[in-house]
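**Student:** what's the 3D shape of this:
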Amino acid sequence: MIDLEAVVSLRSVATEGSVAAAANALGYTPSAVSQQIKRLERDTGVALLERVGRGVVLTEAATRLVVSATPILADLERVRADLHGGADPGRVSGEIHIAAFSTVVRGVMVPVLADLGQRHPDLRLPLRESEPWETIALVASGQRDVGLVHRWGNVALAIPDHLVEVPLFTDVADVILHRDHPLAGRAELRPEDIGGEPWVATFESTICRQWLRRLFDGVGGAPRIVHESMEFENHLEIARAGIAVALVPRLGRPPLGPDLVAVPTASPESTRAVSVIHRRTMSDSPALRAVLDALTERAGDMVTDTGRLPA
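**Tutor:** Modelled structure (predicted):
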């Protein structure tokens, strides 16, 4: 009999690109994933992985196995949802694996996890921080059940057809300046006003870096990025020291204190849509519904009548 858990590990290798990355995504050791796949090779009688350079790729047989097993895994997911739905309707149990980007972890997920822990003590909610593109891949492949993602301006974010996307709210980013900066008194800033400033930004591979570049489309030589950090708290401290300016979202942003000011921009690129995604096959899961309801409730408490986070 084919071990479906091993098939999930094989699918994760295909998604993540290596045994080590798959193990990290699934919460196993690389040795455990390797052993699962070796047992699966013995059970099926075919080679499933082949080495290419320093990495591995799925063989043609392995790809067919993963494709064929996907609807079976989806059916099992529906069965699990039905089983949970047949229990006491007032008691939600099970496990929902969540992936979310860093600022939504601080601004939304921490209070939601605390609230759900009190409401549903039998519900387990493991959380993993990841970039939106990675989150979509994790949820699409079954390695996570729920994902929180965002789109900055016109930065593309493709959602596969078998995923459901539920909008939550619109976040806004402001230019963060030291209070003594010549532009700190402006009511609003245009990209051409701030294009020549030294900037601190996230790394090149992130969606936030792409968004910052889109903000300055048509402004030659901008943005002039002189510092890089993945933590927006570091961006604030760099701005506080007067070293550079930053574009920081309101979501999860700590109080600025007396040394910093936040000035809105005139560009639509400074807003991002935050949404939650899940697989369509999980729609009937009471555990999933509890998580979605808590996220929607939290989002409603946070935003103004415009659907955006307040300044």
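**Student:** make it CA atoms for all contacts and neighbour counts henceforth
**Tutor:** Fine.
**Student:** Within the helices and strands, which one has G142?
**Tutor:** Under the criterion DSSP states H and E, no helix or strand holds G142.
**Student:** any idea where the helices of the stretch 201-311 of the chain begin and end?
**Tutor:** 207-215, 232-240, 286-302 (DSSP state H, counting those that start in this stretch).
**Student:** same question but for the stretch 1-150 of the chain, I mixed them up
**Tutor:** 4-16, 19-26, 30-44, 60-85, 102-104, 110-119, 132-140.
**Student:** same question for the fourth one, mean pLDDT?
**Tutor:** pLDDT averaged over helix 60-85 equals 75, rounded to a whole number.
**Student:** do the third one as well
**Tutor:** Confidence over helix 30-44, taken as the mean pLDDT, stands at 90.
**Student:** could you give the angle of that helix to helix 19-26?
**Tutor:** For helix 30-44 against helix 19-26, the angle by axes from the mean of the first three to the mean of the last three C-alpha atoms, to 10 degrees is 100 degrees.
**Student:** for helix 30-44, packing partners?
**Tutor:** Applying 3 or more C-alpha pairs under 8 Å, 6 or more residues apart in numbering; DSSP states H and E, one finds that helix 30-44 contacts helix 4-16, helix 19-26.
**Student:** looking at the ones you listed, which is buried most?
**Tutor:** Of all the helices and strands packed on helix 30-44, helix 4-16 carries the top mean neighbour count, a mean of 21, counting by mean count of other C-alpha atoms under 10 Å.
**Student:** That one - contacts with which helices or strands?
**Tutor:** helix 19-26, helix 30-44, strand 55-58, helix 60-85.
**Student:** quick one: that helix to chain centroid distance?
**Tutor:** 20 Å (C-alpha atoms, centre = their mean, to the nearest Å).
**Student:** and what of stretch 162-169?
**Tutor:** For stretch 162-169, the distance to the chain centre is 12 Å (C-alpha atoms, centre = their mean).
**Student:** Kindly report the same for stretch 245-259.
**Tutor:** For stretch 245-259, the separation from the chain centroid amounts to 21 Å (computed by C-alpha atoms, centre = their mean).
**Student:** what pLDDT, on average, does that stretch get?
**Tutor:** On average, stretch 245-259 scores 94.
**Student:** ok, residues contacting it?
**Tutor:** With C-alpha atoms under 8 Å, 6 or more residues apart in numbering as the test, stretch 245-259 has contacts from 103-108, 171-179, 197-201, 212, 232-233, 235-236, 238-240, 309-311.
**Student:** Give the buried subset of the residues you listed as a PyMOL selection command.
**Tutor:** Burial among the contacts of stretch 245-259 is assessed by 16 or more other C-alpha atoms under 10 Å; the matching PyMOL selection reads:
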select buried, resi 103+104+105+107+108+171+172+173+174+175+176+177+178+179+197+198+199+200+201+212+232+235+236+238+239+240+309
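**Student:** Which residue, neighbours along the chain excluded, lies closest to T44?
**Tutor:** Take T44 and drop its neighbours on the chain: the residue closest to it by C-alpha to C-alpha, 6 or more residues apart in numbering is I2, 7.3 Å away.
**Student:** Would you mark the buried spots in stretch 161-173?
**Tutor:** Neighbour-count burial for stretch 161-173, counted by 16+ other C-alpha under 10 Å, picks out 163-165, 168-173.
**Student:** can you redo those as CSV with distance to A20?
**Tutor:** Below are the buried residues of stretch 161-173 laid out as CSV (distance: C-alpha to C-alpha, whole Å):
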residue, distance to A20
L163, 26
V164, 29
E165, 30
L168, 34
F169, 35
T170, 36
D171, 35
V172, 37
A173, 36
